[in-house]
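Trainee: Structure of the sequence below:
(one chain, ligands or ions: 1)
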Amino acid sequence: MAKNLDAYWMPFTANRQFKKSPRLLTRADGMYFTDDKGRQILDGIAGLWCVNAGHNRPRIVQAIQQQAAELDFAPPFQMAHPKAFELAERLVELTPAGLNKVFYTNSGSESVETALKMAIAYHRVRGEGARTRLIGRERGYHGVNFGGISVGGMVANRKMFGTMLGGVDHIRHTHDPVRNAFSVGQPAHGAEFADDLEKLIALHDASTIAAVIVEPVAGSTGVLVPPQGYLQRLREICDKHGILLIFDEVITGFGRTGNPFGAQTFGVTPDLMTVAKGLTNGCVPMGAVFAKQGIYDTFMNGPEHLIEFFHGYTYSAHPLACAAALGTLDTYAEEGLLTRATELQGYFAEAVHSLKGEPNVIDVRNIGLVGGIELSPLPGEPAKRAFNVFLDCYEQGVLVRTTGDTVALSPPLIIERSHIDRLIETVRAALRRAA
Ligand code: PMP
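Mentor: Numbers count the residues shown, from 1 in each chain. Below you'll find the model as predicted:
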């Protein structure tokens with residue numbers, strides 16, 4: 001064991017506070033973590049929206065163990081290994097029709113950078129090199145690299161880091177607490193927020209715009225579910241102006257909303273789609289970008305001797321990650337997990353919305369197996385009230401997550417109704433104690 005906690009500089013954590021009273025997890029199985037004191041902690045957030053099949057799944061564990069002994073690494077440039085192809089083939093059976101090419105990365109952030117570069121390069125290769133501008137959205141979260149924080153709209157993610165990528169603009173987010181508070185599932189109002197894109201097109205001219213990137217459901221900025229008709233309208237505007245539509249499905253991918261991908265739940269197919277997290281059930285870092293056939297073909301129509309897309313990572317298609325992903329897909333398929341949220345979402349929605357009326361709850365949002373409970377901020381201390389709920393729930397043996405003043409729930413898809421009850425009742429008790 002470590003003698004002290006000094007050397008590790010933790011990400012996205014108030015290190016000084018954490019090190020005074022650390023929360024250490026030492027094991028995990030099914031729906032539960034075990035902490036260093038031997039307490040069972042119900043996992044209400046699938047690790048970090050990633051452990052969709054629950055923890056310690058035998059097929060995935062065995063796949064990783066076997067792969068490590070058989071082929072620990074293979075160079076991904078000018079070389080490959082069979083499982084990279086097998087996995088791609090399996091993945092495109094799950095994607096919306098047309099998204100049938102897979103480019104591997106190692107994280108959600110890398111998937112985003114890859115998709116943005118792919119979009120710009122695509123236009124260049126087909127002779128529209130002026131299309132370099134990228135459009136993101138306020139309150140978008142697209143990871144932490146410079147492209148992602150530039151198209152993203154999370155203030156804290158940007159403000160310490162100086163100049164962002166040039167040629168980026170943003171449309172408004174879709175959160176409308178006046179018209180849509182306590183909407184069950186997709187809110188009724190706000191499709192017209194998509195028309196912001198037309199305004200930006202008028203301002204910059206379509207001939208300068210490469211792509212628009214949005215999360216179908218914004219997760220890390222408070223669980224914002226797209227209003228009915230909104231994504232459809234974005235799709236129409238992009239089509240009209242030759243702009244690529246990118247869905248960042250890092251959290252909505254792999255069953256979270258009741259289908260393999262959010263694109264299927266919302267009935268809108270993007271041109272590029274980024275994933276990570278649930279791709280390997282969180283066991284080995286891996287991400288991917290799915291591209292439409294036509295985008296791939298455009299690159300492949302160039303001169304034969306050229307590397308078509310000069311981009312990639314040492315660990316692209318890492319054998320351990322591919323093996324973990326194959327084990328994950330087997331587990332999802334055997335247990336019907338990629339559509340399980342459809343069966344449970346009615347029960348889950350009712351449970352989460354039963355928190356309406358509890359102290360300081362100003363909105364409840366949900367889709368599939370995602371819930372967000374927004375609290376009124378403590379005066380002068382934004383995010384504190386929700387964070388206190390997180391701490392209290394943890395003391396009661398339940399792991400939830402907070403994003404700003406929203407308590408977010410995104411449990412493993414193996415969750416049972418009894419777990420949902422415990423999750424919600426623990427949050428309810430914490431809200432009452434905090435009042
Ligand atoms: N995009 C979205 C929509 C995300 O939610 C996240 C992570 N929460 C990322 C990108 C970044 O993924 P990673 O942390 O794996 O880089």
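Trainee: Quick one: name the residues of the stretch 151-300 of the chain near the ligand.
Mentor: Contact residues (Cβ under 6 Å from any ligand atom) of the stretch 151-300 of the chain with the ligand: 215, 219-220, 248, 250-251, 276. For every residue, glycine as well, the C-beta is placed using N, CA and C.
Trainee: Kindly indicate the member of those with the most neighbours.
Mentor: Of those, D248 is surrounded by the most neighbours, 34 neighbours in total, counting by other Cβ atoms under 10 Å.
Trainee: quick one, what contacts that one?
Mentor: Applying Cβ atoms under 8 Å, 6 or more residues apart in numbering, we find D248 in contact with 108, 111-112, 115, 140, 142, 213-215, 274.
Trainee: Check the secondary structure at the closest residue to I171 other than its chain neighbours for me.
Mentor: In this structure, I171 finds its nearest non-sequential neighbour in D196, 3.7 Å apart by Cβ to Cβ, 6 or more residues apart in numbering. Following DSSP: H, G, I helix; E, B strand; the rest coil, D196 is assigned to helix.
Trainee: on that earlier part again, quick check: of the contacts of D248, which has the highest neighbour count?
Mentor: S111 (33 neighbours).
Trainee: Show the contacting residues for that residue.
Mentor: Going by Cβ under 8 Å, 6+ apart, the list of residues near S111 reads 105, 143, 248, 250, 274-276, 287-289.
Trainee: So which bits of the helix or strand where it lies are buried?
Mentor: Taking DSSP states H and E as the definition, one finds S111 inside helix 108-125. Judged by neighbour count using 16 or more other Cβ atoms under 10 Å, the buried positions of helix 108-125 are 108-123, 125.
Trainee: what does stretch 48-61 give?
Mentor: So stretch 48-61, judged by 16+ other Cβ under 10 Å, has buried residues 49-55, 57, 59-60.
Trainee: Contacts made by it with the rest, please.
Mentor: So stretch 48-61 is contacted by 28-33, 43, 46-47, 219, 250-251, 254-256, 276-278, 280-283, 324, 327-328, 330-332, 334-335, 337, 401, 410, 412-414 (Cβ under 8 Å, 6+ apart).
Trainee: now do stretch 410-418
Mentor: For stretch 410-418, contacts defined as Cβ under 8 Å, 6+ apart pick out 30-31, 43-46, 49, 51-55, 219, 251, 255-256, 335, 337-338, 340-341, 344, 347, 369-371, 401, 419-420, 423.
Trainee: Which residues of the stretch 301-435 of the chain lie near the ligand?
Mentor: When proximity is defined by Cβ under 6 Å from any ligand atom, the stretch 301-435 of the chain lies next to the ligand nowhere.
Trainee: all strands for the stretch 301-435 of the chain, in order.
Mentor: Per DSSP state E, counting those that start in this stretch, the stretch 301-435 of the chain carries strands over the ranges 361-367, 370-375, 398-399, 401-403, 406-409.
Trainee: How much space separates whichever residue of the chain sits closest to the ligand from P227?
Mentor: Nearest residue of the chain to the ligand (Cβ to the nearest ligand atom) works out as G108 at 2.2 Å. Note on G108: its distance to P227, by Cβ to Cβ, to the nearest Å, is 24 Å.
Trainee: Buried ones only from the contacts of stretch 48-61, please, as a PyMOL command.
Mentor: In PyMOL, a selection of the buried entries from the contacts of stretch 48-61 looks like this (16+ other Cβ under 10 Å):
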select buried, resi 28+31+32+33+43+46+47+219+250+251+254+255+256+276+277+278+280+281+282+283+324+327+328+330+331+332+337+401+410+412+413+414
